[in-house]
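Chemist: Quick one, fold the following:
(chains A and B)
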Amino acid sequence: MTDLEHRYPGPGTEPYGPPSGSLADLLERVLDKGIVIAGDIKIDLLDIELLTIRLRLFIASVDTAKKAGIDWWETDPALSSRAARDALAEENARLRERLDALEGAAGETTGAVR
Amino acid sequence: MSASAAGPAAPGIVCAFAVTRTPPDPAGLAAVRGHEEGGPLRVLRADGGLCLIVQDVPAALFDEEALTERLNRPADLERCARAHHRGVEAAAGRGPVVPLPMATLYRGDLTAARAVAARRPVLETLLDRLRDRTEWAVKVHAAGTAPEAPGDDGAGAPTGSCDGGRAYLSRVSARRREQRGARGQALAEAEAVDTALRRHAVAATRHRPQSERLTGHRTPQLLNAAYLVEDARRADFTAALARLTAGAPHPAVRVEASGPWIPYSFARWDEDPHAGPGQEALS
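Modeler: Numbers count the residues shown, from 1 in each chain, chains lettered A, B, ... in the order given. Below is the predicted model of the structure:
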């Protein structure tokens, strides 16, 4: 495609931003930092009191964004607490399974030795 | 529920849009509509000449539960994002701004002003860095000129004989090689686009490529970049952009651009201002 969504205004010309700019472009910009917040990593909020609000808020909006097709952080444990939870749960289940198997094997071995 | 249900007497929340040293005149600001549910936009002065553009919004609609619910409705999310952008634009009338993330909320003017004062050095550095500069969004997609010949697969399917199967497999692997080659070419051209544009920009950063579902394109997005461009060099930048789009020197890709934007992607105050968005270093 060769379309440019802008009018090449001269320096100093207002207003900013394509008025009919795509929602995806806008969300990318206004939520960009939100994604970092959802990531739970570099939280540096203007107001610590509202930390939980913003944290959950952006996780919520991340879900919404995901419905719109912006889904890359869902599978990245570092960026998604839910994905992190899933990954942990999965690992936990795997470890339990292994432990059960090992315990079973150990029981059999002791039984056999005796 | 109506906004007036949470009138001035009700506990309010202050919604902040942007930080600036050059607040817009009150009349102009009053003409701008922020969040539909809130009061008029206003200037909140913090220490050291820094100002916040804020709006009083009803707690009943902006507390955790309400916002979570509302922002999960795509229509409300869009309304909120556009309202936020209007507030940021209103702040940017006279000089540089540091746009804040959508739904930056405070319990009152005092905490808001205090939060800004606590981050004054970073905010000032950013304001200096963003003065007389705008952001341009550039997306590069694979051109997708090589048709996949969708009927090919069925028509060329193995006929059951050994030879047919081998021929089929070699056709498939040839096509794969071709596709890989085409993708490699497109990626190289996307990088060339980036290199050409960086020459005219003060800084560049990348967002994650958007999914095909989101872009509506049938070919993958290869580059989702943002460039910070000095006003004095804007003509150079847009001329380069025009060459890349209209001139089509890179046939394997399509280039789309929008701008000028308020430099959202370069206004991160929660990390080193010279590093750009967090994803930049990683991707």
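Chemist: Surely B:Ala81 and A:Leu23 touch.
Modeler: Yes - with contact defined as C-beta atoms under 8 Å, B:Ala81 reaches A:Leu23; the gap is 7.0 Å. In this view, the C-beta of every residue, glycine as well, is placed from N, C-alpha and C.
Chemist: okay, those two: which has more neighbours?
Modeler: Remark: of B:Ala81 and A:Leu23, B:Ala81 carries more neighbours, 20 against 14, as counted by other C-beta atoms under 10 Å in any protein chain shown.
Chemist: and the more buried one, what helix or strand is that in?
Modeler: Assigned by DSSP states H and E, B:Ala81 falls within helix B:74-91.
Chemist: Give the other helices and strands that that helix contacts.
Modeler: helix A:23-30, helix A:51-67, strand B:12-20, strand B:51-58, helix B:64-71, strand B:97-106 (3 or more C-beta pairs under 8 Å, 6 or more residues apart in numbering or on different chains; DSSP states H and E).
Chemist: and those, which one's lowest on average pLDDT?
Modeler: Note on these: helix A:51-67 shows the lowest mean pLDDT, a mean of 48.
Chemist: So in chain A, where's the weakest helix or strand by average pLDDT?
Modeler: Least confident helix or strand of chain A, by mean pLDDT, DSSP states H and E, is helix A:32-38 with a mean of 36.
Chemist: Tell me where the model's unsure across chain A.
Modeler: In the predicted model, chain A carries pLDDT under 70 at residues A:1-22, A:31-88, A:108-114.
Chemist: scratch that, chain B is what I was asking about
Modeler: The low-confidence ranges in chain B, as defined by pLDDT under 70, are B:1-12, B:64-65, B:68, B:72-74, B:145-162, B:211-216, B:247, B:269-283.
Chemist: where exactly do the strands run in it?
Modeler: Taking DSSP state E to define them, one finds strands in chain B at B:12-20, B:41-45, B:51-58, B:97-106, B:133-142, B:203-206, B:221-230, B:253-261.
Chemist: Would you mind extracting the C-alpha trace of the shortest one into CSV?
Modeler: Once non-C-alpha atoms are left out, strand B:203-206 reads as follows in CSV (Å, rounded to 0.1, in the frame of the first residue of the first chain):
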residue,chain,number,x,y,z
ALA,B,203,15.7,8.4,17.8
ALA,B,204,13.8,5.3,16.8
THR,B,205,12.1,2.6,18.6
ARG,B,206,10.1,-0.5,17.8
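Chemist: Tell me the strands beside it, with direction?
Modeler: Strand B:203-206 has the following strand partners under DSSP bridges: strand B:221-230 (antiparallel).
Chemist: and the residue nearest to B:Arg86 when sequence neighbours are not counted, what does it touch?
Modeler: Once flanking residues are discounted, B:Arg86 sits nearest to B:Val32: 5.9 Å by C-beta to C-beta, 6 or more residues apart in numbering or on different chains. Applying C-beta atoms under 8 Å, 6 or more residues apart in numbering or on different chains to B:Val32 gives the contacts B:41, B:86-87, B:89-90.
Chemist: Now for these: which two are most distant?
Modeler: Using C-beta to C-beta, the contacts of B:Val32 span at most 10.7 Å, a distance reached by B:Leu41 and B:Glu89.
Chemist: Between these two, point out the one with more neighbours.
Modeler: Taking neighbours as other C-beta under 10 Å, B:Leu41 and B:Glu89 compare with B:Leu41 leading, 25 against 22.
Chemist: and the nearest residue to A:Asp25 once chain neighbours are set aside, how many residues sit next to it?
Modeler: Spatial nearest neighbour of A:Asp25, excluding adjacent residues (C-beta to C-beta, 6+ apart): B:Ala137 at 5.6 Å. Residues lying near B:Ala137 (other C-beta under 10 Å) number 27.
Chemist: Measure how buried B:Thr111 is and give me the count.
Modeler: Per other C-beta under 10 Å, the neighbour tally for B:Thr111 reads 17.
Chemist: how about B:Arg114, what does it touch?
Modeler: Neighbouring residues of B:Arg114 by C-beta under 8 Å, 6+ apart: B:Ala46.
Chemist: Tell me how far it lies from B:Val14.
Modeler: Distance from B:Arg114 to B:Val14, counting by C-beta to C-beta, to the nearest Å: 12 Å.
Chemist: Can you report how many residues neighbour B:Ala188?
Modeler: By other C-beta under 10 Å, the residues close to B:Ala188 number 14.
Chemist: Quick check: it vs B:Ala182, distance?
Modeler: Separation of B:Ala188 from B:Ala182 (C-beta to C-beta): 11 Å.
Chemist: Dig out what the nearest residue to B:Leu100 once chain neighbours are set aside forms beta bridges with.
Modeler: Nearest non-adjacent residue to B:Leu100, counting by C-beta to C-beta, 6+ apart: B:Ala16, 5.3 Å away. In this entry, B:Ala16 is beta-bridged to B:Val54, B:Thr104, by DSSP bridges.
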